[in-house]
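Participant: Generate coordinates for the sequence data below:
(chains A and B)
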There are 2 protein chains.
Amino acid sequence: MIISGLVRAAYMSTQMRAAREGRETDEMRIVAMDEGESPQNIRRRVAEGTVIIARNILRENIRPLGIGKGLRIKVNANVGTSIDICDVNLEVEKARVAVKYGADTVMDLSTGGDLDEVRRAIIKAINVPVGTVPIYQAAIEAARKRGSIVHMTEDDIFNIIEKHAKDGVDFMTIHCGVTKEIVNNLARRPRLMGIVSRGGTFLAAWILHNGEENPLYKNYDYLLEMAAKYDFALSLGDGLRPGCIFDSTDYYQVQELLVIGRLVERAREYGVQAMVEGPGHIPLNHVEANVRLAKAICKDAPFYVLGPIVTDIAPGYDHIVGAIGGALAGLAGADFLCYVTPAEHLGLPSLDDVREGVIAARIAAHAADIVRLGDKAAAKDLEMARARASLDWRRQIENAIDPERAKSIRGRIKLKSPETCSMCSEYCAIKILRDSLKSHCL
Amino acid sequence: MIISGLVRAAYMSTQMRAAREGRETDEMRIVAMDEGESPQNIRRRVAEGTVIIARNILRENIRPLGIGKGLRIKVNANVGTSIDICDVNLEVEKARVAVKYGADTVMDLSTGGDLDEVRRAIIKAINVPVGTVPIYQAAIEAARKRGSIVHMTEDDIFNIIEKHAKDGVDFMTIHCGVTKEIVNNLARRPRLMGIVSRGGTFLAAWILHNGEENPLYKNYDYLLEMAAKYDFALSLGDGLRPGCIFDSTDYYQVQELLVIGRLVERAREYGVQAMVEGPGHIPLNHVEANVRLAKAICKDAPFYVLGPIVTDIAPGYDHIVGAIGGALAGLAGADFLCYVTPAEHLGLPSLDDVREGVIAARIAAHAADIVRLGDKAAAKDLEMARARASLDWRRQIENAIDPERAKSIRGRIKLKSPETCSMCSEYCAIKILRDSLKSHCL
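Facilitator: Modelled structure (predicted):
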């Protein structure tokens, strides 16, 4: 099931180019099988750019993953070191825990310690697509070597991107849409939370200091060439995503989205796979509008949302806030949810936070998939309903999204009526109705 | 602020009758003040039945609470003993914890031990409206005294209701809509999960055994008389709410809703306040439809939902599932969310489960209120955004929904740059953009 990219590398082609030439790759067939779709459908959607297959041709030990139109909603978990918490083994363990609890992809957002080491260790440890944000490393190394992130050069940036590509990174967040014009506008007329995207801020600071255009925007063709060479997918980052609900869907956010829409078209012309990142902090009534706007402007490119976070008051519980936004976004058409952990806005997540974050996002994705995909997605729900209707606790635990947790809550005390639970005991509605219908029918 | 009901008792009137006679009660004025509305508006909505004020005339030590049209969405927390876990002090503590974390009402759903004792202890311990489901006690006492719940008499039921009313219970869930016709239909053509409402099942079992009409439906006028006497609000229970997403919005659920719609009209004719309970397990795309259907059929009576639970696979995390459903229901017009705890479907909640459940439901309610009420609801979000924009961590913690938890996550490690957090440290987007804009403007 886990295939090598070398066969396709021999073609010197991208998934998208192959699809357009009518060729079905192994990756397309695996995605089709995993999604219960025909390979033809997957090929057609990869050709048009509404589905991407995240898989660098140099990445070994990976099960290719489809993201986009008609497919199961995917969940990403962010891991990675920081200056304060810098332990490679811990971040590798977080990546493993994330995959265990259902993350479809993992992004390494490390900013502390030996960045090459962490990335390579994570790629080696898991067999799901791995994403990165290369501008972090470019900026941090510039700060380390030259005293400030604003001293990074265009070469620094592209060298890091190629380094990540050579390590087998399957998709990269690149903030090409943070243009000089938008940053200058923002400097003149600030918004409440400014820029909350780390990559977006690095680039904005660089632009403000150097007075030059964003190198990733200016040299987009070179970026496309590199992306095609390794067939990593572009995740067009929304550097101007709102950082509070009051900045939601404002001039800057939409201006950047318009830029990104054009960049999606150019990527497609070049045969490079691209998805689009979206907000962020937006109120509930903006969620559907944001998804539909992004899908329209970006010609149905796979849409990857962060949360969304529908209220700003819940640090410590932002996984729940993100699950609310994510479910609604998924229902409206978002294809890919970036998890939010309970530690969001407060610190680097712990292992427990990673588990909670992944499960919350998986619940959101699944709730939307039930509607998007129907019976195909609801099979486990049906199993659970049947298990509950027959008071079959073993099967209820087995079908739970986190069997260990379900079992531990149920097992907190010794039950007087083991057929039921400690909530209702002998007054269990299921049991009473069943017995009552039985004697009624006799 | 906490007023006595005796003044109004002297009028021998209900809130609704007073409102219709053009009289503004103290309760209406308090609700108006709490909601930032004019007393006239509150009076008008109480008169038409689109807002209820939950407050038994005999209840002391209570801050009256408005639920319904144009008001902040309210959250209820269920507590109460069971056969397996029967500790009055623990349930009183849960009620206190629920109120501490933002529950607007508490329902005592006890089924274990001395039911009068628990109820009275909870009513005494907190100053928010308290609700009960009297059929539990009627059925359980019949089982204890006469060997089975099916041996309860009509007098048993109404005596318990009056006992609860005399104890000052402010609202009662009464399953008047579980009619003989619906139960017989269900016995002939079962649905996947049958009946999952405990009160609904008690009545269904009684109806099947005795072959008689539901006493609460048959003697609805007598119930209204009693409700008027003490001015407790009716919460018309949905005994046929779906117990899995596959039973959602089916024949039985809607048949019962039609019955309940008529009962709301009769309650209003009698000058008795009534709200309507709703599902339950329904997929995401049924949430808005269910709220709009209930609002239409029940002439905009306040709508009180349980969850809704939008997937069945997440026992252990059903507070998150319920928050997704609750936010969407609130956005569509639901007025009152019953919390769901992580222990739902597994056992009686612990103190921690109560906290998690209340906060999850509060987040859902608040996210919807931001849209429903605008600036009036979003003041704390604005404070939080400003605190984040200025890296003012003290104010961020203060404005968090659970300051203790936010503080403990932030404080896990000693920070190298105390101005930021362990996620980004010196690479904090806010800090970099601020410094960068500063030097740009110089």
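Participant: How about A:Arg410, nearest residue that isn't a chain neighbour?
Facilitator: Distances taken as Cβ to Cβ, 6 or more residues apart in numbering or on different chains place B:Leu346 nearest to A:Arg410, at 4.5 Å, with adjacent residues excluded. C-betas here are computed from N, CA, C, even on glycine.
Participant: Show me what the helix or strand hosting A:Val259 is packed against.
Facilitator: Using DSSP states H and E, A:Val259 falls within helix A:251-270. With contacts taken as 3 or more Cβ pairs under 8 Å, 6 or more residues apart in numbering or on different chains; DSSP states H and E, helix A:251-270 sits against helix A:180-188, helix A:220-230, strand A:233-236, strand A:274-278, helix A:284-297.
Participant: report the angle between the axes of the fourth one and helix A:220-230?
Facilitator: Yep, that's strand A:274-278 we're talking about. Inter-element angle recorded for strand A:274-278 and helix A:220-230: 120 degrees (by axes from the mean of the first three to the mean of the last three Cα atoms, to 10 degrees).
Participant: what lines up beside strand A:274-278 in the sheet?
Facilitator: Using DSSP bridges, strand A:274-278 pairs in its sheet with strand A:233-236 (parallel), strand A:303-306 (parallel).
Participant: mind listing the helices in the stretch 301-442 of chain A by residue range?
Facilitator: Secondary structure of the stretch 301-442 of chain A (DSSP state H, counting those that start in this stretch): helices at A:318-332, A:351-373, A:375-389, A:393-398, A:403-410, A:429-441.
Participant: Make a markdown table from those helices and add mean pLDDT, mean neighbour count and distance to A:Val31 to it.
Facilitator: Below are the helices of the stretch 301-442 of chain A laid out as a markdown table (pLDDT from 0 to 100; neighbours: other Cβ atoms under 10 Å in any protein chain shown; distance: least, Cβ to Cβ, whole Å):
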| stretch | mean pLDDT | mean neighbour count | distance to A:Val31 |
| --- | --- | --- | --- |
| helix A:318-332 | 98 | 30 | 19 |
| helix A:351-373 | 98 | 25 | 15 |
| helix A:375-389 | 96 | 19 | 15 |
| helix A:393-398 | 97 | 18 | 27 |
| helix A:403-410 | 97 | 18 | 27 |
| helix A:429-441 | 88 | 18 | 40 |
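Participant: Point out the residues in the stretch 151-300 of chain A that sit beside chain B.
Facilitator: With Cβ under 8 Å from any Cβ of the partner chain as the criterion, the stretch 151-300 of chain A meets chain B at residues A:187, A:190, A:192-198, A:200-202, A:204-205, A:208-209, A:243-246, A:283-285.
Participant: Of those residues, keep whichever come out buried.
Facilitator: Buried residues within these, counting neighbours by 16 or more other Cβ atoms under 10 Å in any protein chain shown: A:187, A:192-198, A:200-202, A:204-205, A:208, A:243-246, A:283-285.
Participant: From those, which land in helices?
Facilitator: A:Ala187, A:Arg198, A:Gly200, A:Thr201, A:Phe202, A:Ala204, A:Ala205, A:Leu208, A:Leu284, A:Asn285 (DSSP state H).
Participant: Next, the contact list for the closest residue to the second one other than its chain neighbours, please.
Facilitator: Just to be clear, that refers to A:Arg198. Distances taken as Cβ to Cβ, 6+ apart place B:Ala429 nearest to A:Arg198, at 4.8 Å, with adjacent residues excluded. Neighbouring residues of B:Ala429 by Cβ atoms under 8 Å, 6 or more residues apart in numbering or on different chains: A:Gly194, A:Ile195, A:Val196, A:Ser197, A:Arg198, A:Gly200, A:Thr201.
Participant: and of those, the nearest to chain B?
Facilitator: A:Thr201 (3.9 Å; Cβ to the nearest Cβ).
Participant: For chain B, what's the nearest residue on the stretch 151-300 of chain A?
Facilitator: A:Cys244 (3.5 Å).
Participant: Can you mark which positions in the helix or strand encompassing A:Glu91 are buried?
Facilitator: Following DSSP H and E, one finds A:Glu91 within helix A:88-100. Within helix A:88-100, the residues scored as buried using 16+ other Cβ under 10 Å are A:Val88, A:Glu91, A:Val92, A:Lys94, A:Ala95, A:Arg96, A:Val97, A:Ala98, A:Val99.
Participant: same for it, what does it pack against?
Facilitator: Judged by 3+ Cβ pairs under 8 Å, 6+ apart, helix A:88-100 is in contact with strand A:74-79, strand A:105-108, helix A:115-125, helix A:351-373.
Participant: Show me what counts as buried in the third one.
Facilitator: Along helix A:115-125, the positions that meet the burial threshold by neighbour count (16+ other Cβ under 10 Å) are A:Leu115, A:Val118, A:Arg119, A:Ala121, A:Ile122, A:Ile123, A:Ala125.
Participant: who in the stretch 1-150 of chain A is up against chain B?
Facilitator: So far as Cβ under 8 Å from any Cβ goes, the stretch 1-150 of chain A lies against chain B at A:Ser82, A:Ile83, A:Asp84, A:Ile85, A:Thr111, A:Gly112, A:Tyr136, A:Ala139, A:Ile140, A:Ile149, A:Val150.
Participant: The residues you listed in helices, which ones?
Facilitator: Per DSSP H, helices hold the following members of the residues of the stretch 1-150 of chain A next to chain B: A:Tyr136, A:Ala139, A:Ile140.
Participant: Enumerate every residue touching the second one.
Facilitator: Taking Cβ under 8 Å, 6+ apart as the criterion, A:Ala139 is in contact with A:Ile149, A:Met152, A:Phe202, A:Trp206, B:Tyr427.
Participant: isn't the fourth one right up against A:Val150?
Facilitator: Yes: with the criterion set as Cβ atoms under 8 Å, A:Trp206 and A:Val150 qualify as a contacting pair; they are 5.2 Å apart.
Participant: Among the two, which residue is more densely surrounded?
Facilitator: Using other Cβ atoms under 10 Å in any protein chain shown as the criterion, A:Trp206 and A:Val150 rank with A:Trp206 on top: 27 against 19.
Participant: how close does that one sit to A:Val118?
Facilitator: Distance check for A:Trp206 against A:Val118: by Cβ to Cβ, to the nearest Å, it reads 24 Å.
Participant: still on that earlier bit, other residues contacting the helix holding A:Glu91?
Facilitator: With Cβ under 8 Å, 6+ apart as the criterion, helix A:88-100 contacts A:77, A:79-81, A:106, A:108, A:110, A:113-114, A:117-118, A:121-122, A:125-128, A:339, A:349, A:351, A:354-355, A:358.
Participant: again, 7 Å this time
Facilitator: A:77, A:79-81, A:106, A:110, A:113, A:117-118, A:121-122, A:125-126, A:128, A:351, A:354-355, A:358 (Cβ atoms under 7 Å, 6 or more residues apart in numbering or on different chains).
Participant: If you rank the residues of the stretch 1-150 of chain A next to chain B by neighbours, which is first?
Facilitator: A:Ala139 (29 neighbours).
Participant: okay, and the helix or strand of chain A with the least pLDDT?
Facilitator: Here the helix or strand of chain A ranked lowest by mean pLDDT, DSSP states H and E is helix A:6-11, holding a mean of 50.
Participant: ok, then the element right after it?
Facilitator: With DSSP H and E, the next secondary element past helix A:6-11 is helix A:15-20.
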